[in-house]
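# Could you work out the structure for the sequence below:
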Amino acid sequence: MFPTLRLCEAISAPFKRAQLGLFGGKTRQSGNNVPFSKKKTRRTWLPNVHNQRLFSETLQDYIRVKVTARALKTIKKHGGIDKYVMKTKPELLGWEGMRIRVMLRERQIAQGVVDIPAAANTPASPAVETVAL
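Model (predicted):
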């Protein structure tokens, strides 16, 4: 159920808040406020984040997740959270997205919708035969 180390390495990002939801690549931006007096002051802009309940067709249940407006539009474009999570790159999903992807994959394998890859059936360290000359 939990992502493997290889998956966690693929989703490391400096904006930790984006790891806890579906942010679609949005991060904090910084810049200057420039008033009429031309005295610049630094400021930041945060992503437009909402708490949403999205229905998963595979799980037949709602999933509560923090999602940005951009990611929500992309989810609707793909046709649901299941298709979005399966098609999106791991770098854009973050920890929460990869957790949802693993949950969906496990349910699909349990239902027999998706076959288990051949690489998963083989042992991690195959026995090597040595030939003595």
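# give me phi/psi at residue 84?
Here is the backbone geometry of residue 84 (degrees, to the nearest 10): phi -60, psi -50.
# Distance-wise, check it relative to residue 42.
Counting by C-beta to C-beta, to the nearest Å, the separation of residue 84 from residue 42 is 34 Å. C-beta coordinates here come from the backbone N, C-alpha and C atoms, glycine included.
# Between the two, tell me which one has more neighbours.
residue 84 (25 against 8; other C-beta atoms under 10 Å).
# Just the pLDDT for that one.
Looking at residue 84, its pLDDT stands at 96.
# I'd guessed it sits against residue 74; true?
Yes. Look at residue 84 against residue 74 with C-beta atoms under 8 Å: they come within range, at 6.2 Å.
# tell me which element the most centrally placed residue in the chain falls in.
By C-alpha atoms, centre = their mean, the mean C-alpha position of the chain lies nearest to residue 93, the distance being 2.0 Å. For residue 93, the host element (DSSP states H and E) is helix 90-111.
# circling back: make sure the residue nearest to the centre of the chain is actually in contact with residue 22.
Yes. Shown here, residue 93 and residue 22 form a contact pair, counting by C-beta under 8 Å, at 7.0 Å.
# Alpha carbons of whichever strand or helix holds residue 76, as PDB, please.
Element membership of residue 76, judged by DSSP H and E, is helix 69-78. The C-alpha coordinates for helix 69-78 follow below in PDB (Å, rounded to 0.1, in the frame of the first residue of the first chain):
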ATOM      1  CA  ALA A  69      -7.800  24.500  -9.300                       C
ATOM      2  CA  ARG A  70      -5.400  23.600 -12.100                       C
ATOM      3  CA  ALA A  71      -5.200  19.900 -11.000                       C
ATOM      4  CA  LEU A  72      -9.000  19.800 -10.700                       C
ATOM      5  CA  LYS A  73      -9.400  21.000 -14.300                       C
ATOM      6  CA  THR A  74      -7.000  18.400 -15.400                       C
ATOM      7  CA  ILE A  75      -8.800  15.700 -13.500                       C
ATOM      8  CA  LYS A  76     -12.100  16.600 -15.300                       C
ATOM      9  CA  LYS A  77     -10.200  16.600 -18.600                       C
ATOM     10  CA  HIS A  78      -8.900  13.100 -18.100                       C
END
